[in-house]
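**Student:** fold the following.
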Amino acid sequence: MDSLTVPCVLMRAGTSRGPFFLREWLPDGDEARDQALIGAIGASDLLQVDGVGGGSTLTSKVAIVSRSSQPDCDVDYLFAQVGVGQCSVDTRPNCGNMLSGVAPFAIEQGLVTALDGQTTVRVFNINTRSRIDVTVLTPGCRVAYEGTTSIDGVAGTAAPIRLNFLDAWGSVTGALFPTGQRIDVVDGTPLTCIDAAMPLVILRAADLGLSGRESPAELDADRALLARIEQLRCAAGERMGLGDVSNSVVPKPVIVSAGDGDHSITSRYFTPRRCHASHAVTGAIGVATAFSLPGTVASSPLVVSGARAVSVLHPQGRIDVEAVIEGRGEQARIERAALVRTARKILEGELHIPDYVFSKPIEGDKAMKRILAPALAATLAAAAPAAMAWPDKPITLVVPTAAGGGNDAMARTIAQKLGPLLGQTIIIDNRAGANGSIASEYVARATPDGHTLMFGYIATHAMNPALQKLRYDPVADFEPVGMVGYSATLMVAYPGTPIKDVKDLVAQLKAKPDKFTYASAGNGTAPHYAAELFKLNAGVVMTGVPYKGSAPAVTDTIGGQTQFMFPSLFTALPHVKAGKLRALAVAGPKRSSSLPGVPTLSEAGVDGVDVTQWYGIFAPAKTPKAVIEQLNKALNQVLNDKEIVKRIEDHGADVETSTPEQLGQLVKTELAKWKGVVQKAKLTAD
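**Tutor:** Down below sits the predicted model:
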């Protein structure tokens, strides 16, 4: 049986590390999925030399992410704890450390569109059926990993990631205190059973004859202590309604003792049969909850209602938790809890999973290294021999604009589905600059074997070539693959700009030329053409500021450095909905269904500004016809996916498929149209 090759992103998340997968990258069915995870980590031996694990439970973790099935959440997150030295996968617990990598991963895989500045992703944790708001920094609509935040147990600093647990209380057992009491006595030992982000059994160090400051190595070496803790854990698990937990990793036992002040507590967290080298995030939420509420074995001597900062001290430092408590005494309850973690992407690529971990062959395309979906296999079998080996390595999709813009978001959305369908990772390569010429020249000169593609659009294949002589020919140097869609152009303004509407803007510019500036994605791009046509047809003067792509241009318009812009509706809509940009008019023949209250420029008194942006996939000239046909078939299959259509339409674009020939004819027609506009408007590249 062949080995399985799947896309994978390896991340350090909090104080844990492990591979992140989209659910669709893994085999169908829980059994085959778990066997793939065992092979990915290399669980069968203690050193995990045949996988990406690190010989520790902290580095034997897996995150599986998908678009959420919950109406109020963005993504679903399934955590899996893979065994060390044993072929096991446990999806009953949760991991807050791995959770910190979910939002960056989801954004970069196109499941969530980033906002400029910071983006909050609502995550539904499948393991505990709870919701967590995860906030990451996204300057320029791109995930930032570098920063100045440090967390104990991790070298260096990184960008902060805030985890806000919304409803983790009783998420596994149904009650915050599942036994109905805040303190139970088991075999003469008082303990607290609590279900807050993770079911815990909390024990006082003094009741076990400990100081609570022992190192993990000291605790792990005390076999009698470990046996006693396990006995108490199993008994408590029964009382919590979890049944026989002898073969389960939940509930987790915790040993607590006094901290270094009224707002801290010392904790030793077990996983459950070994002491954690630092501390689990979910465990810290549970300990902080027990510390903040009265009547538990961990309760703070200082009872506080409202928000309070709690430090959970662990062997490698501390975890600071912000807890909000409502009420007092027996009526006190936890409202929410939040903390800060960091994450870092280590590598992204293909993971090769050995065949020996599977009990039976992976069905369909999985057994063929996921090279092609079954629907395409028959077609390739009839194609030329050279095409049958395609694709045999990752595919690069070059995007001619900066990361975070509309083109980038659309390309990543498509790549997320197209890659698994073709059986290869699709790498997004943003090559912004020279108004798309850098990317276009790169792809035009690339080896025509189907492994380098371009997300082209109206600017790269019509507007810019119409404006100036370039070192590539939009017709002769490319093989069209297929249309992706189109989007209206929107006239937007910085919300603080002192104008009432388009008519007021025109009046102010006629009274004082160059009073305002507009941003463009570069000369020869749709925002540039639309602005120049607006100036020409309105009879006004306005200074243009060219940027290297829509993303930085939108960023400066949001910040007020420029006052106006003509981005695509796909790029602008999230910012308009968030109130960061003000929509003035549609630069097209009709209003947009996404913004029905926004008039067209013609309705606002300025005729002749019709700039409908379109997008398509291109390959270098002389790419084999059989490969182009298979790419077109796969692309159209992706664009017929209802989920993909909805995601693109939700951002203000309309999906439209085509044959390669139809896209080729569109390029020729549009090139002629915009050459005429250049001559009429007397536009130049300067």
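
**Student:** hmm, Leu397 and Met454 touching each other?
**Tutor:** Yes - under the criterion of C-beta atoms under 8 Å, Met454 lies in contact with Leu397, with a separation of 7.4 Å. All C-beta spots, glycine's among them, are computed from the backbone N, C-alpha and C.

**Student:** tell me the residues that contact both of those two, please.
**Tutor:** Counting by C-beta atoms under 8 Å, 6 or more residues apart in numbering, the residues touching both Met454 and Leu397 are Ile617.

**Student:** what about the two, which has more around it?
**Tutor:** When neighbours are counted by other C-beta atoms under 10 Å, Met454 and Leu397 differ, and Met454 comes out ahead with 29 against 21.

**Student:** and the residue nearest to the more buried one when sequence neighbours are not counted, which of the three is it?
**Tutor:** Excluding the flanking residues, the one nearest Met454 by C-beta to C-beta, 6 or more residues apart in numbering is Val443, at 4.1 Å. Using DSSP: H, G, I helix; E, B strand; the rest coil as the criterion, the local structure at Val443 reads helix.

**Student:** give me the neighbour count for Val443.
**Tutor:** As a burial measure, the neighbour count of Val443 was computed by other C-beta under 10 Å and equals 28.

**Student:** before we move on, what about Gly237?
**Tutor:** When neighbours are defined as other C-beta under 10 Å, Gly237 has 22 of them.

**Student:** cool, Met198 as well?
**Tutor:** Other residues lying near Met198 total 29 when counted by other C-beta under 10 Å.

**Student:** what sits against it?
**Tutor:** When the contact criterion is C-beta under 8 Å, 6+ apart, the partners of Met198 are 93-94, 128, 172, 250-252, 280, 282-283, 285-286.

**Student:** same for whichever strand or helix holds Ala103, what does it pack against?
**Tutor:** Assigned by DSSP states H and E, Ala103 belongs to helix 102-108. Counting contacts by 3 or more C-beta pairs under 8 Å, 6 or more residues apart in numbering; DSSP states H and E, helix 102-108 packs against strand 4-13, strand 61-67, strand 75-82, strand 117-125, strand 130-138, strand 343-353.

**Student:** tell me what angle the second one forms with strand 117-125.
**Tutor:** Comparing the axes of strand 61-67 and strand 117-125 via axes from the mean of the first three to the mean of the last three C-alpha atoms, to 10 degrees yields an angle of 100 degrees.

**Student:** let me know the average pLDDT across strand 61-67.
**Tutor:** Strand 61-67 shows a mean pLDDT of 96 in the predicted model.

**Student:** so how far is that strand off the chain centroid?
**Tutor:** Here the centre of mass of C-alpha atoms in strand 61-67, compared against the chain's by C-alpha atoms, centre = their mean, to the nearest Å, lies 11 Å away.

**Student:** contacts for it, please.
**Tutor:** Contact with strand 61-67 is made by 11, 13, 16-24, 26, 33, 37, 40-41, 74-82, 95, 97-99, 101-102, 105-106, 109, 111, 643, as judged by C-beta under 8 Å, 6+ apart.

**Student:** swap in stretch 289-304?
**Tutor:** Taking contacts as C-beta under 8 Å, 6+ apart, the residues outside stretch 289-304 that touch it are 169, 176, 182-183, 190-192, 194, 196-197, 200, 202-204, 207, 256, 262-263, 265, 287, 308, 310, 312, 323, 325, 328-330, 332-334, 337.

**Student:** cool, and stretch 575-586?
**Tutor:** Residues external to stretch 575-586 that are found in contact with it (C-beta under 8 Å, 6+ apart): 115-116, 488-495, 497, 501-502, 505, 554, 557-558, 564-565, 569, 572, 592, 595, 598-601, 603-604, 606.

**Student:** pull out the buried members of the contacts of strand 61-67.
**Tutor:** Of all the contacts of strand 61-67 considered here, the ones buried according to neighbour count by 16 or more other C-beta atoms under 10 Å are 11, 13, 16-22, 24, 26, 33, 37, 40-41, 74-82, 95, 97-99, 101-102, 105-106, 109, 111.

**Student:** done for today, thanks.
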